[in-house]
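> make a model of this:
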Amino acid sequence: MEEILSSTTEVAEGVETSKALVKMIKARCKGYRLDLKYPIVFGVADILEGKQTPEEGLKGLMNMPMRMESFDERSWFRSS
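Down below sits the predicted model:
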């Protein structure tokens, strides 16, 4: 990843954002298996960090059980 980033003059959208978002989720959300609650974010970060291939990430997402999702954005914007 470092070689790719250093060889381009273009903006690599999402590389640093995915890492920062995973860090923020881990800091703000206390729970077990956050990767199950935020599979796309954690999957993208794992791919960018070389922990899994894009094919493995896609297979992991496609094999997850379907469930209803909900997101309450108010919890992200509370004053600390």
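> tell me the mean pLDDT for the helix or strand where residue 20 lies?
Under the criterion of DSSP states H and E, residue 20 resides in helix 15-28. Mean pLDDT, helix 15-28: 89.
> that helix - contacts with which helices or strands?
helix 39-48 (3 or more Cβ pairs under 8 Å, 6 or more residues apart in numbering; DSSP states H and E). Quick note: C-beta positions are derived from backbone N, CA and C, even for glycine.
> please compute how far the next helix or strand after the helix holding residue 20 lies from its chain's middle.
Next helix or strand after helix 15-28 toward the C-terminus (DSSP H and E): helix 34-37. Here helix 34-37 is found 9 Å from its chain centre; the criterion is Cα atoms, centre = their mean, to the nearest Å.
> ditto for stretch 19-26
Taking Cα atoms, centre = their mean, one finds the center of stretch 19-26 at 8 Å from the center of the full chain.
> same check on stretch 35-45?
From the chain centre to the centre of stretch 35-45 is a distance of 4 Å (Cα atoms, centre = their mean).
> what's it in contact with?
Residues from elsewhere that reach stretch 35-45, judged by Cβ atoms under 8 Å, 6 or more residues apart in numbering: 14, 18-19, 21-22, 25, 29, 31, 34, 52, 57, 60-61, 64.
> tell me the two of those residues that are most distant?
Between any two of the contacts of stretch 35-45, the greatest separation by Cβ to Cβ is 24.0 Å, found for 14 and 31.
> neighbour count: these two, which is higher?
Per other Cβ atoms under 10 Å, whichever of residue 14 and residue 31 has more neighbours is residue 14, with 13 against 9.
> distance of the residue lying closest to that one once chain neighbours are set aside from residue 29?
Spatial nearest neighbour of residue 14, excluding adjacent residues (Cβ to Cβ, 6 or more residues apart in numbering): residue 44 at 6.8 Å. Distance of residue 44 to residue 29, given as Cβ to Cβ, to the nearest Å: 17 Å.
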